[in-house]
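Student: My questions are about this predicted structure, shown below with the sequence.
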Amino acid sequence: MAGATGRVALVTGASHGIGAATAHLLAARGMRVVVNYLHSDTAAEEVVSGIEATGGRAMAVRADVREAAAVESMIEQVQAAWGGISVLVHNALIPYVIKPFQDMTWEELGGKLDDEMRAAVAVTKAVLPAMTEQGWGRIIYLGTGLSRRPREGMIALGTAKAALAQFARYLAQELGPRGITVNVVEPGPVEDTRMADVLDEEHKQRQVAATPLGRLAHPGDVAQAVAFYASEESAFMTGTTAAVNGGMFMY
């Protein structure tokens, strides 16, 4: 990846799944990677150890990205060690309920919307000063195909991620003059993630049957799209969305 060596990338929710795969790939391409996590110290340290074992550089930093003060503290810790962040991959999955709208309270739907946007605003505001000073930045948000194609019971997640996707487009317009691009990666169903664990085998097989490429995504498939957006190769792309779903749905 041209020009990647030494740049600092923050990956939120990076102790497992897509976040961990992305952290490994960005480190392999020469970036210093901040592995953000909330609950599992052990898993986060395993990601860091795996990166360091292959010659990469990484650090694990615990922070609840819904809390602006915690995010600011994380950024200060990173700046003290490595300097300003150039790449933000906002992957952290904020908890949500799976149920029909008729059975849902405003606290469940509105709470997910509030948490989703609160986290996105907190991490984005925290990294913007350094990116603006550098005149270069990459912001990549992890969305979901459910923001465009509804599925039963997924109204809280789909609605919140649709808001995030539109937020990204507005930011792309505003931040472009500063040399900062903003893009979204929208996976379909992904194996080996917490979201995948809520689906039974029969449901997974129906999803595979509906996918032209004949399988569900792996975390590494999604990480490849994220890494492209984090690179120089995507320099003239902003406000775009990459669908990583094997053709399950097309737009």
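Tutor: On my side now, so go ahead.
Student: Doesn't residue 95 lie inside a strand?
Tutor: No: going by DSSP: H, G, I helix; E, B strand; the rest coil, the assignment for residue 95 is coil, not a strand.
Student: show me what contacts it?
Tutor: By C-beta atoms under 8 Å, 6 or more residues apart in numbering, the contact set of residue 95 is 112, 115. Using the backbone N, CA and C atoms, a C-beta is placed for each residue, glycine as well.
Student: hmm, 10 Å instead?
Tutor: 111-112, 115, 156-157, 194 (C-beta atoms under 10 Å, 6 or more residues apart in numbering).
Student: what does residue 87 give?
Tutor: 4, 7-11, 26, 31-34, 127, 131, 136-140, 226-227, 229-231.
Student: tally of neighbours for residue 124?
Tutor: 21 (other C-beta atoms under 10 Å).
Student: Use 219 as the first number for this chain going forward.
Tutor: Yep, numbering from 219; the last one is residue 342 now.
Student: Just the helices from the chain, written as ranges.
Tutor: Here the chain has its helices, by DSSP state H, at 235-246, 259-271, 286-300, 324-352, 373-393, 419-427, 437-447.
Student: for the second one, the distance to its chain's centre please.
Tutor: It stands for helix 259-271. 18 Å (C-alpha atoms, centre = their mean, to the nearest Å).
Student: List the buried residues of it.
Tutor: 261-262, 264-266, 269 (16 or more other C-beta atoms under 10 Å).
Student: And the contacts of it?
Tutor: Helix 259-271 is contacted from outside by 229, 232-234, 237-239, 241-246, 250-256, 258, 274-280, using C-beta under 10 Å, 6+ apart.
Student: Least reliable of the helices of the chain by average pLDDT, please.
Tutor: Per-stretch averages of pLDDT across these put helix 419-427 at the bottom, with a mean of 86.
Student: Show me what counts as buried in that helix.
Tutor: residue 425.
Student: now it, how far from the chain's geometric center?
Tutor: Counting by C-alpha atoms, centre = their mean, helix 419-427 comes out at 25 Å from the chain centroid.
Student: picking that back up, would you mind listing which of the contacts of helix 259-271 are buried?
Tutor: Those of these that meet the buried threshold are 229, 232-234, 237-239, 241-246, 250-255, 274, 276-280, by 16+ other C-beta under 10 Å.
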